[in-house]
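# the sequence and its predicted three-dimensional model are supplied below.
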Amino acid sequence: MNTYKAKAYSTASADSPLSSTTIQRRDPTEHDVQIEILFCGVCHSDLHTARNEWGGTVYPVVPGHEILGRVVSVGSAVRKYKRGDLAAVGCMVDSDGTCKYCKAGREQFCPNLILTYGFPDRHLGGVTHGGYSDSIVVDQRFVLRVPDNLDPAAAAPLLCAGITTYSPLRDWGVGAGKKVGVVGLGGLGHVGVKLAHAFGAHVVVFTTSPGKKDDALQLGADDVIVSRDANQMQKHAGTFDFILDTVSAEHDIDAYLNLLAVEGNLTLVGAPPKPLPVSAFTLIGGRRSLSGSNIGGTLETQEMLDFCSANDITADVEIIPIQKINEAYERLLKSDVKYRFVIDMASLRSE
Ligand code: NAP
Ligand code: ZN
């Protein structure tokens, strides 16, 4: 198979910084879309993976799954996209296309799902390389349309932070008359707040950062609770219909389960590397439930982008050159991001 060279940033081990490199991309096949990457969001999953916090990282790894760019060429069988279109790619780039989940556009559950980075590349061998790069080639099934009215840099994070929060908020019927909590005001959390507010819910933000209070209200929260204050937490005991937990590190989820009303649900989307203890009695007492959610399928991702277009929702972003990526990771670890770093890929040209 013919290939071409693309510029990228990768890391070779859990404790080395990301640095400039060159990778091979396949020449587009008949079903492929070749995209010049303009912007790529920086998800905390990129950091977990680069530093092997979940285990199993294959090095060198090129992270990045909030990809937005311009179509530069399409294969002969591609009808949905043409050269010059804005297009986006999220966390998935391939799947078997034949299982019941793929048929329903819920590819995130396909047993043969290939994620955007670090998964077997069935075209070139080795593993897939993500969006910290100037170019990517992706099967048209995993390319999303980007509505024109959305600012491209601010829309990029919707491809992971957007769909990961949209999907469980929709599944659990978040809307008018519901009291909803969002735990952690980072990349996922701040988009979750905007979406839950747009769905008409009463939204309460839980943060460990008192300095984010005003921002939370601006983003659409009706109330903000500093979670380290046990008194404030206690006031809301047993009152929430739904809580979305986006925290990336160890924390006390029992404290949040206690805030659920009878039959309330807490959905974890945050993926801390270590297990989180749960008290049986917290769940049993109010017949509460704890569940998880993983990104969303292509159909729902397109639905989410169209919803964001209609409601003028994008991420609040801090645009960085790729040369600042290691610094950005350190700031992510300190919860010091307002509220998503997005790499301007034009900065890669000088490498
Ligand atoms: P992020 O921007 O770093 O936000 C995480 C937020 O969690 C921080 O801003 C902080 O909010 C809070 N936090 C951090 N450390 C904490 C601690 N020790 N105790 C309590 N709160 C803490 O990360 P992100 O990109 O939104 O990702 C969040 C998590 O979701 C990551 O684990 C990521 O891997 C995972 N994720 C899952 C999926 C999925 O499909 N399920 C998809 C994407 C990402 P405050 O300052 O407000 O406290
Ligand atoms: Zn992500």
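Received it, and whenever you're ready, just let me know what you need. Ligands and ions are numbered 1, 2, ... in the order given.
# could you use CA atoms for every contact and neighbour count after this?
Fine.
# who's in contact with the closest residue to Ile313 other than its chain neighbours?
Using CA to CA, 6 or more residues apart in numbering and skipping the chain neighbours, the partner closest in space to Ile313 is Lys194 (7.1 Å). Lys194 makes contact with Leu219, Gly220, Ala221, Ile313 under the criterion CA atoms under 8 Å, 6 or more residues apart in numbering.
# try 10 Å
Taking CA atoms under 10 Å, 6 or more residues apart in numbering as the definition of contact, the neighbours of Lys194 are 162, 165-166, 203, 216, 218-221, 308, 311, 313-315.
# that one: what secondary structure?
Look at Lys194: counting by DSSP: H, G, I helix; E, B strand; the rest coil, its state is helix.
# so how far is ligand 1 from it?
With distances taken as CA to the nearest ligand atom, to the nearest Å, Lys194 is found 14 Å from ligand 1.
# next: Val146.
The separation that Val146 has from ligand 1, given CA to the nearest ligand atom, amounts to 20 Å.
# how many neighbouring residues does the nearest residue to Asp94 once chain neighbours are set aside have?
Setting aside the residues directly before and after it, Asp94 is nearest to Ile114 in space (CA to CA, 6+ apart), at 4.9 Å. Other residues lying near Ile114 total 22 when counted by other CA atoms under 10 Å.
# ok, Leu124 next?
Residues within reach of Leu124, counting by other CA under 10 Å, total 14.
# which residues touch it?
Applying CA under 10 Å, 6+ apart to Leu124 gives the contacts Met1, Asn2, Thr3, Gln24, Arg25, Arg26.
# in space, what's closest to the fourth one - neighbours in sequence excluded?
Residue nearest to Gln24 in three dimensions, not counting chain neighbours: Lys5, with 4.8 Å by CA to CA, 6+ apart.
# quick one: residues contacting that neighbour.
Under the contact definition (CA under 10 Å, 6+ apart), the residues listed for Lys5 are Thr22, Ile23, Gln24, Arg25, Arg26, Asp27, Asp134, Ser135.
# of those, which is the most crowded?
Comparing the contacts of Lys5 by number of neighbours (other CA under 10 Å), Ser135 comes first, having 26 neighbours.
# bridging residues for that one?
In this structure, Ser135 has beta-bridge partners Glu36, where bridges are defined by DSSP bridges.
# related to what we said a few turns ago, and the residue nearest to Gln24, helix, strand or coil?
Classification of Lys5 using three-state DSSP returns strand.
# distance check, it against Ile136.
When CA to CA, to the nearest Å is applied, the distance between Lys5 and Ile136 equals 10 Å.
# need the residues touching each of the two.
Applying CA under 10 Å, 6+ apart, one finds that Lys5 and Ile136 are jointly contacted by Gln24, Arg25, Arg26, Asp27.
# correct me, but the first one touches Lys7?
Going back to what we said before, that points to Gln24. Yes: under the criterion of CA atoms under 10 Å, Gln24 lies in contact with Lys7, with a separation of 8.9 Å.
# overlap in contacts, the two.
Among the neighbours of Gln24, those also in contact with Lys7 (CA under 10 Å, 6+ apart) are Ser135.
# show me which residues of the stretch 101-250 of the chain sit near ligand 1.
The stretch 101-250 of the chain has residues 160-161, 164, 184-189, 207-209, 246-250 near ligand 1, with proximity defined as CA under 6 Å from any ligand atom.
# in strands only, show me those.
With strands identified by DSSP state E, the entries of those that belong to them are Thr207.
# buried subset of the residues of the stretch 101-250 of the chain next to ligand 1, written for ChimeraX?
A single ChimeraX command suffices to select whichever of these are buried according to 16 or more other CA atoms under 10 Å:
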select :160,161,164,184,185,186,187,188,189,207,208,246,247,248
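# circling back to that earlier point, got phi/psi on the residue nearest to Asp94?
Dihedral angles phi and psi of Ile114 (degrees, to the nearest 10) take the values phi -120, psi 120.
# from memory it sits against His123, does it?
No: Ile114 is beyond contact range of His123, at 11.8 Å (criterion: CA under 10 Å).
# who's in contact with the residue located most distally from the centre of the chain?
Computed with CA atoms, centre = their mean, the maximum C-alpha offset from the centroid of the chain is found at Gly285, amounting to 32.9 Å. Residues in contact with Gly285, defined by CA under 10 Å, 6+ apart, are Asn258, Val262, Glu263.
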